[in-house]
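# Build me a model:
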Amino acid sequence: MIEVNNLRKEFKKTIKEPGLKGSVKSLFHPKTEKIAAVKDISFDIADGEILGFIGPNGAGKSTVIKMLTGILTPTSGTCTINGKNPTHNRKNYVREIGVVFGQRTQLWWDLPLRETYGVLKEIYEVPDDKFKERMDFLNEVLELEDFITSPVRTLSLGQRMRADIAASLLHSPKVLFLDEPTIGLDVVVKHNIRNAIEYINKKENTTVILTTHDLADIEMLANRIVMIDKGSNVFDGTISELKSKYGQIRELNFDTNDSEAKERLVYAKHFKVNEEDVIVEQEGNMVKVRFDSSVIPVSDMLTYTLGKIKVNDISVKDADIEEIIARLYKHEVG
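Okay, here's the model as predicted:
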């Protein structure tokens, strides 16, 4: 459905010397340099796939999305969505995509939501019978009925986000771009929106590109991640592959009556490893030990711990995805 090959975007940056003299000089003889926001990125997305597209602030995610949606023209490289070039075939292309930006709305602020959808119906030339069928479906999935007659400006953040997602799906797009769709929402609304996205993907085989800093969105919705930093690919693979490669961190939690457990458990010295490979925290009776299981096996950690102190209860859990991605940045980026 989506093919991105060696996509690159450069911007010209004007360099101004300090002071009035510098301002005058930059006005008549501006000195510029090229900044590469995106550097030869390549990836493919299958029809009906949900892709998590992530990276730190300033990584180039938004620039890539803007090129894929046709807002920006690449400096070099190519991208095609369902066989169409976003820049060259823009009029026909935009009929096949839906876009939601979490911090911006495509809705008319003072219009009742129902009228907003009526305007979008005319823009996308959706037939009357298809529009009614579509609105029934979106009402069912996103529960719009309670506020569909209200002006957009009166909607809560969660209601507006559901309304924006419905607007982006009104014309039955083949590809849906979601940029921070759950930003600022409470836990219940986040859960409902994730369920709606998952249902629409399965029901209509809609291809979804999900850009988010909320990694719970990624874990629930996406099976595959493309991660970029400083304009370049850092990782492209499934969440299972990510965990297999970078998920060796484990967390050992136990309850003990020994108030000096942290001082007694000299893991780094005993196993002859670096201090950063074993981090111990104690708060009251609870002790948490984060360790790299590729350096110290879980069985050895348990044997040593139980041999040094008396433990009331103990558990071991895998690293969460936030920890895994932090390790990925440390090894691949830093």
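
# what's the distance between the nearest residue to Leu169 once chain neighbours are set aside and Leu138?
When the adjacent residues along the chain are set aside, Leu169 lies closest to Gly98, with 5.5 Å between them (Cβ to Cβ, 6 or more residues apart in numbering). C-beta: built from backbone N, CA, C; applies to glycine. Taking Cβ to Cβ, to the nearest Å as the measure, Gly98 falls 12 Å from Leu138.

# quick one on the thing from earlier: would you say the residue nearest to Leu169 is within a strand?
Yes - counting by DSSP: H, G, I helix; E, B strand; the rest coil, Gly98 falls inside a strand.

# And it, how far from Ile324?
Going from Gly98 to Ile324 by Cβ to Cβ gives 30 Å.

# wait, what's in contact with the residue nearest to Leu169?
Ser168, Leu169, His171, Pro173, Val175, Leu176, Phe177 (Cβ atoms under 8 Å, 6 or more residues apart in numbering).

# of all the residues you listed, which comes closest to Thr78?
Val175 (16.4 Å; Cβ to Cβ).

# Is the closest one in contact with Gly83, as I believe?
No - between Val175 and Gly83 there is no contact under Cβ atoms under 8 Å: 11.9 Å.

# neighbour-wise, which of those two wins?
Val175 (21 against 10; other Cβ atoms under 10 Å).

# For the more buried one, list each beta-bridge partner.
As for beta bridges, Val175 partners with Ile97, Thr207 under DSSP bridges.

# Number of residues surrounding Phe43?
18.

# same question but for Ile209, I mixed them up
Quick note: Ile209 (other Cβ under 10 Å) scores 26 neighbours.

# Could you check how far it is from Lys34?
27 Å.

# now do Leu157
39 Å.

# pLDDT of stretch 52-71, averaged?
Per-residue pLDDT over stretch 52-71 has a mean of 86.

# May I have the distance across that stretch, first residue to last?
The separation between the terminal residues of stretch 52-71, taken as Cα to Cα, to the nearest Å, is 21 Å.

# What of stretch 107-120?
9 Å.

# Buried residues, that stretch. List them.
Leu107, Pro112, Leu113, Thr116, Tyr117, Leu120 (16 or more other Cβ atoms under 10 Å).

# For this protein, which helix extends over the most residues?
helix 187-204 (DSSP state H).

# in that helix, what counts as buried?
For helix 187-204, by 16+ other Cβ under 10 Å, it's Val189, Lys190, Asn192, Ile193, Arg194, Ala196, Ile197, Ile200, Asn201.

# Please verify my assumption that the fifth one contacts Thr182.
Yes - taking contact to mean Cβ under 8 Å, the distance of 7.1 Å between Arg194 and Thr182 places them in contact.

# who touches both of these two?
Joint contacts of Arg194 and Thr182 (Cβ under 8 Å, 6+ apart) are Asp217.

# Can you show me the strands along the stretch 51-200 of the chain?
76-81, 97-101, 175-179 (DSSP state E, counting those that start in this stretch).

# right, and the ones you listed - which one's nearest Lys243?
Going by Cβ to Cβ, the one of the strands of the stretch 51-200 of the chain nearest Lys243 is strand 175-179, 23.2 Å.

# other SSEs contacting that closest one?
Helices and strands touching strand 175-179, by 3 or more Cβ pairs under 8 Å, 6 or more residues apart in numbering; DSSP states H and E, are helix 61-68, strand 97-101, helix 157-169, helix 187-204, strand 207-211.

# just the CA coordinates of the fourth one, formatted as PDB?
By that I understand helix 187-204. Extracted in PDB, the C-alpha atoms of helix 187-204 (Å, rounded to 0.1, in the frame of the first residue of the first chain):
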ATOM      1  CA  VAL A 187      -7.400   6.600  30.400                       C
ATOM      2  CA  VAL A 188     -11.000   5.700  29.500                       C
ATOM      3  CA  VAL A 189     -11.200   7.900  26.400                       C
ATOM      4  CA  LYS A 190      -7.800   6.600  25.200                       C
ATOM      5  CA  HIS A 191      -9.000   3.000  25.600                       C
ATOM      6  CA  ASN A 192     -12.200   3.800  23.600                       C
ATOM      7  CA  ILE A 193     -10.300   5.500  20.800                       C
ATOM      8  CA  ARG A 194      -7.800   2.700  20.600                       C
ATOM      9  CA  ASN A 195     -10.600   0.200  20.400                       C
ATOM     10  CA  ALA A 196     -12.300   2.200  17.600                       C
ATOM     11  CA  ILE A 197      -9.100   2.400  15.600                       C
ATOM     12  CA  GLU A 198      -8.500  -1.300  15.900                       C
ATOM     13  CA  TYR A 199     -12.100  -2.100  15.000                       C
ATOM     14  CA  ILE A 200     -12.000   0.100  11.900                       C
ATOM     15  CA  ASN A 201      -8.700  -1.400  10.800                       C
ATOM     16  CA  LYS A 202     -10.100  -5.000  11.000                       C
ATOM     17  CA  LYS A 203     -13.500  -4.200   9.700                       C
ATOM     18  CA  GLU A 204     -12.400  -2.100   6.600                       C
END
